[in-house]
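Enquirer: Okay, sequence plus prediction incoming.
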Amino acid sequence: MKRIKVFLASSIVEFESERIALKNFNRQMENALIDHGISLRMFVCEYADNAVADGRKQDEFSHEIDDSDIFLVLVGKRLGAFTLEEYDYALEAQRRRGDGLPRILAAFKPFEDADDSAKSFAENLSANAIRADFNDITELKAALALAIGGLLSGVVHIQVESDRIVMAERIIRY
């Protein structure tokens, strides 16, 4: 069975509703893909083992990034230090692996009052990252579905339409 793993990085507070919606969307996508021998897993830190770590908890998250195919970072009004650390680690993992993985998808929710951390991140985004802008969860889901589709090219066709995603001949409504 082919496995695709997505690591979700963002402010837990700022993007709480988006994180929940993406976790649920991941289950919908996995249900559509499982019959094609594809497992889809999303790592979301708030669902991770909360046992006391031997080292820093971020070191455990780094291991999850090493094992990911897609690194999805959500950026809004600000970019926290841990999210930036995870992004930098994903870039390093991509260089180290040499296979273009994890693919980095940076999704920006526009805010006129974004602080310098978010603005600087947008200005200095790596050429190895895919940039997507989203105003609502529908646009964010579409960006993620397209990133997953890029990994499954030639295996499963994924088509994003205005009100739905057609994946593995199943329709997922937004």
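Expert: Nice, thanks for sending it over.

Enquirer: what's the pLDDT at the closest residue to Lys141 other than its chain neighbours?
Expert: Excluding the flanking residues, the one nearest Lys141 by CB to CB, 6 or more residues apart in numbering is Phe25, at 5.2 Å. The way it works is simple: take the backbone N, C-alpha and C, and place the C-beta from them, glycine included. For Phe25, the model assigns a pLDDT of 95.

Enquirer: sec struct for Phe25, please.
Expert: Assigned by DSSP: H, G, I helix; E, B strand; the rest coil, the conformation of Phe25 is helix.

Enquirer: residues in contact with it?
Expert: Taking CB atoms under 8 Å, 6 or more residues apart in numbering as the definition of contact, the neighbours of Phe25 are Lys141, Leu144, Ile172.

Enquirer: Gln94 too?
Expert: Per CB under 8 Å, 6+ apart, neighbours of Gln94: Gly100, Leu101, Pro102, Ile104, Asn128.

Enquirer: Can you point out the buried residues in the one helix or strand it maps to?
Expert: Element membership for Gln94 (DSSP states H and E) is helix 81-97. Buried residues in helix 81-97, counted by 16 or more other CB atoms under 10 Å: Phe82, Thr83, Leu84, Glu86, Tyr87, Tyr89, Ala90, Leu91, Ala93, Gln94.

Enquirer: Just the pLDDT for Ile130.
Expert: Each residue has a pLDDT score; the one for Ile130 is 97.

Enquirer: Let me know the secondary structure of it.
Expert: In the three-state summary, Ile130 is assigned as strand, counting by three-state DSSP.

Enquirer: what stretches of this protein score poorly on pLDDT?
Expert: Low-confidence regions of the chain, defined here as pLDDT under 70, cover residues 47-58.
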